[in-house]
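Participant: Sequence first, predicted coordinates after that:
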Amino acid sequence: MKLGILINEGPYQHQASDTALQYVKAALKKGHEIYRVFFYNDGVNNATRLATPPQDDRNITKEWASLAKDHGIDLVVCVAAAQRRGILDKGEAERNGKDSDNIEDGFRISGLGQLVEAGIQADRLITFGD
Amino acid sequence: MSEDGVVKKFMYVNRKSPYGTIYALESLEVVLITAAFDQDVSLTFTDDGVYQLMKGQQTEGIGMKNFSSTYSALGDYEINKIFIDKESLEERGLSLSDLQELVWEDEDEDYAEKSSINLVSRAELSEIMNNQDVVLSF
Amino acid sequence: MNMLHTINKSPFENSTMSSCIAMCSQDSSILFIEDGVISVMKSTKFSELIENALKEFKMYVLKPDLEARGLSLNNVIEGVEIVGYDEFVDLTTEHKTVQSWL
């Protein structure tokens, strides 16, 4: 089946992103296709490459990025939610006159339409949040 | 509309009061985009979500933008299936008269103004939810 | 099957569980994850509610979340099925829609 994933909370503060990671790994192992992972609300904070968790802790952003790389998963960060919370790619940083960007490789910033599209195209849309 | 013309039934379940968290506002943003994709959109207000529709919200004192007027614009986006959980209202000592009136104009009846609000029991809501393709809870 | 409802909050924290049960239809299922797993433990003030609801719908609880919290599998209310992430995936595909009660 084609599965769409929505993540509405940031890393570490809530378990949502961890649960989603375990779910996605299990789904891939079973041969399902992950149509898209969409990050919304504080979920956009999963995409910052500047996070530096202690070495003995998991790095959630890196885990998403490497999973996406290995399985060709589309990781999409909502642009409006990202702008509010200071998550920027190079283009957004330039457009908004900011001195740097912070998005991790493998994530891309796009509109909310991408979430609706995931709802339309995927067989199931599963939300992880608080 | 999606490129291949698929129309799905999307229901947004609102369970939190506004301002304390951003969920109500950002849920509304998804709702409007979904309508722009010509999908079949409905909204449920249950639990503390019923407070999102309270009349007379004044946010100057908390320094936040008052977005309550956006709900009354939903009709313009052809979002006219608004379900309000009767028990959640009653538990909170509220009635429909405490909430904004939400209306839409029916093109087929010479733009007659009709109410978008349906006061429903939890049993009815359960049935309505079962008929959805995508359910999102904020 | 109808809907899969997921609950990730402790019933001691808020009313999510009772709202979900009130709106859950027959042929639907509830999966307890994260802090939601607290809901299905024996001898709490919510146990009776769960036991009654079990007569109407299927309930599942995510084992890794029980284990992480030191909650004994033996203390899970009888009739609630203990599952892993693999079954979590199966539950989402076997049901028509998934509602996460956030």
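Facilitator: Structure received.
Participant: do the helix or strand bottoming out on mean pLDDT in chain C and chain A meet at all?
Facilitator: Least confident helix or strand of chain C, by mean pLDDT, DSSP states H and E, is helix C:16-23 with a mean of 94. No - Helix C:16-23 stays out of contact with chain A when judged by C-beta under 8 Å from any C-beta of the partner chain, the minimum separation being 10.7 Å. For glycine as for every other residue, the C-beta is placed from the backbone atoms N, C-alpha and C.
Participant: mind listing what's buried in that helix?
Facilitator: The neighbour-count check on helix C:16-23 (16 or more other C-beta atoms under 10 Å in any protein chain shown) flags C:16-17, C:19-23 as buried.
Participant: before we move on, what about stretch B:62-70?
Facilitator: B:67-68.
Participant: go on, stretch A:27-38?
Facilitator: A:27-28, A:32, A:34-38.
Participant: same thing with stretch C:83-98?
Facilitator: For stretch C:83-98, burial by neighbour count (16+ other C-beta under 10 Å) applies to C:83, C:85, C:87-89, C:91-93, C:95-98.
Participant: looking only at pLDDT, what's the mean for that stretch?
Facilitator: Mean pLDDT, stretch C:83-98: 98.
Participant: Residues in contact with that stretch: which ones?
Facilitator: A:1, A:3, A:22-23, A:25-27, A:29-30, A:32, A:123-127, B:130, B:132-135, C:1-6, C:28-29, C:31, C:33, C:60-64 (C-beta atoms under 8 Å, 6 or more residues apart in numbering or on different chains).
Participant: of the residues you listed, buried ones?
Facilitator: Neighbour counting with 16+ other C-beta under 10 Å marks A:3, A:22-23, A:25-27, A:32, A:124-127, B:130, B:132-135, C:2-6, C:28-29, C:31, C:33, C:60-63 as buried within those.
Participant: thinking again about what came up before, among the buried residues of stretch C:83-98, which one sits closest to B:Glu101?
Facilitator: Checking those against B:Glu101 with C-beta to C-beta, the nearest one is C:Thr97 at 30.4 Å.
Participant: bridging residues for that closest one?
Facilitator: Note on C:Thr97: beta-bridge partners C:Met3, judged by DSSP bridges.
Participant: you'd agree A:Tyr65 is up against A:Arg108?
Facilitator: Tyr isn't right for residue A:65; it's Ala. No - A:Ala65 lies out of contact with A:Arg108 (C-beta atoms under 8 Å); the separation is 11.6 Å.
Participant: of the two, who's got more company?
Facilitator: It is A:Ala65, of A:Ala65 and A:Arg108, that has more neighbours when counted by other C-beta atoms under 10 Å in any protein chain shown, with 20 against 14.
Participant: Just the helices from the chain, written as ranges.
Facilitator: You didn't pick a chain, so chain A it is. Along chain A, counting by DSSP state H, helices occupy A:16-29, A:60-71, A:79-85, A:90-95, A:113-121.
Participant: wait, chain B
Facilitator: B:23-36, B:69-72, B:86-91, B:122-130.
Participant: And the pLDDT at the spatially closest residue to B:Lys8 that is not a sequence neighbour?
Facilitator: Nearest non-adjacent residue to B:Lys8, counting by C-beta to C-beta, 6 or more residues apart in numbering or on different chains: B:Asp133, 4.0 Å away. If you check B:Asp133, the pLDDT there is 97.
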